[in-house]
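Asker: sequence below, structure please.
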Amino acid sequence: MDKQILDACCGGRMFWFDKNDPHTIFMDNRVMHEVLCDERKLDVNPDIIGDFRDIPFGDDTFYLVVFDPPHLIKVGENSWLAKKYGRLSETWREDLRQGFSECMRVLKPYGVLVFKWNEGQINFSEVLKVIGQTPLFGDRRGKTRWVVFMKQQNERRGGEDYDSCNM
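Answerer: Residues are numbered from 1 along each chain as shown. Here you go, the predicted model:
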């Protein structure tokens, strides 16, 4: 596969310098072409439609995964914020846990997961409890957090360790 990066919740690719990076597969669960209330255009046009809780790629596929899931729970279903950033349901804890696990599953050993979170409605510390892992490094201030994780050689789905005797 010539694509070595997965953006699991690409949305409008807002933080990408090259919105068509040739090494990246852009995935989202929606396609949308809207003009927002401030007249800006929002284009959500993923390469592949998929759910971050059930990523349609095999184990150990990507060197880098970007995970910028929806972070809003208190937002109108058709509001511009929901259109731009997506919306979490009441099952957000399980959804994020499952999404993080899926992102780690599709990473190659020693692959890197870049995780972005905005603390406007849910504290980052709550999210870390849900995913059950500590980042290697990242920023520690501000509402929008960027942190980095690395998949270890012996890490499987859900962070379970294994060895060849248990296979």
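
Asker: residue ranges of the strands in this protein, please?
Answerer: Counting by DSSP state E, the chain has strands at residues 5-7, 24-28, 32-35, 41-44, 48-49, 62-67, 107-118, 137-138, 144-150.

Asker: closest one to residue 127 among those strands?
Answerer: Of all those, strand 107-118 sits nearest to residue 127, with 5.7 Å by C-beta to C-beta. The C-beta positions use only the backbone N, C-alpha and C, and glycine is treated the same way.

Asker: so how far is the closest one from its chain's centroid?
Answerer: 8 Å (C-alpha atoms, centre = their mean, to the nearest Å).

Asker: in that strand, what counts as buried?
Answerer: Going by neighbour count (16 or more other C-beta atoms under 10 Å), the buried part of strand 107-118 is 107, 108, 111, 112, 113, 114, 115, 116, 117, 118.

Asker: what sits up against the lengthiest helix in the chain?
Answerer: Counting residues, the longest helix found in the chain (DSSP state H) is helix 92-106. The contact list for helix 92-106 (C-beta atoms under 8 Å, 6 or more residues apart in numbering) reads 6, 8, 52-55, 57-62, 65, 67, 69, 73, 88-89, 113, 115, 122, 127, 130-133, 149, 151, 155-159.
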